[in-house]
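Peer 1: compute the structure for the input listed below.
(2 chains)
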Number of protein chains: 2
Amino acid sequence: MSLIAKTPEPPYYAVIFTSHRTEGDNGYGDMAKKMLELAAMQPGFLGVESAREELGLTVSYWSNLESIKRWKANLEHKVAQKLGYERWYSTFKVRVAKVEHDYGV
Amino acid sequence: MSLIAKTPEPPYYAVIFTSHRTEGDNGYGDMAKKMLELAAMQPGFLGVESAREELGLTVSYWSNLESIKRWKANLEHKVAQKLGYERWYSTFKVRVAKVEHDYGV
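Peer 2: The predicted structure follows:
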């Protein structure tokens, strides 16, 4: 089964989240699973792709900027963001980008 | 050491390459290393981030669309793209996106 997100024709938006984790789980795994389920329920959510080695990369896809802003302001998500900042990530970067074209097989 | 790309203030461009690999190496590792070195020498290249588990994610960052087009048309890169298509990837998706804003710690 392909884990590549089935996104519609562009334009749509991508949130590229790149991070280094701290040592230990500290509740991260449970929260990550919960946030993935919660994100998938949000209006405008199109899909997500993720992989982690030394560096972690998660790209989520959204219909428009408004849906990204709403998800960033979601109360449960804000709790997770705070814990991420304090506990789970030693460093991270979030990039919000407009997908202009795509192709593939 | 952080593997997060040190990109400038937006706007700039991201190429999000998502893929599933075929079984076995078949020369992939050597070519991937070579292409990374070659990409880093191209005008407009800003950095790259990569991780692979079941799914592989590589995001490269570029100053503008022209530098992305030139890299896609690079002759050595075109040989690698052909082998990727025929041999190394069972499925892939390329998304070209304009980074509009970013933040992080």
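
Peer 1: residues contacting the most centrally placed residue in chain A?
Peer 2: The centre of chain A sits closest to A:Ser60, judged by C-alpha atoms, centre = their mean, with a distance of 4.4 Å. With contact taken as C-beta atoms under 8 Å, 6 or more residues apart in numbering or on different chains, A:Ser60 is in contact with A:14-15, A:17, A:39, A:45-48. Just so you know, the C-beta spots here come from the backbone N, C-alpha and C atoms, and that holds for glycine as well.

Peer 1: now do A:Trp62
Peer 2: With contacts defined as C-beta under 8 Å, 6+ apart, A:Trp62 is in contact with A:12-15, A:44-46, A:68, A:71.

Peer 1: turn these into CSV, columns for distance to chain B.
Peer 2: Listed next are the contacts of A:Trp62 as CSV, based on distance: C-beta to the nearest C-beta, whole Å:
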residue, distance to chain B
A:Tyr12, 9
A:Tyr13, 8
A:Ala14, 5
A:Val15, 10
A:Gly44, 16
A:Phe45, 16
A:Leu46, 11
A:Ile68, 10
A:Trp71, 15
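
Peer 1: need the residues you listed in CSV (columns: distance to A:Asn26 and secondary structure).
Peer 2: Shown next, in CSV, are the contacts of A:Trp62 (distance: C-beta to C-beta, whole Å; DSSP: H, G, I helix; E, B strand; the rest coil):
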residue, distance to A:Asn26, secondary structure
A:Tyr12, 33, strand
A:Tyr13, 30, strand
A:Ala14, 28, strand
A:Val15, 23, strand
A:Gly44, 30, coil
A:Phe45, 26, strand
A:Leu46, 30, strand
A:Ile68, 27, helix
A:Trp71, 23, helix
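
Peer 1: out of these, who's nearest A:Glu54?
Peer 2: Relative to A:Glu54, the closest of the contacts of A:Trp62 is A:Val15; by C-beta to C-beta it sits at 21.2 Å.
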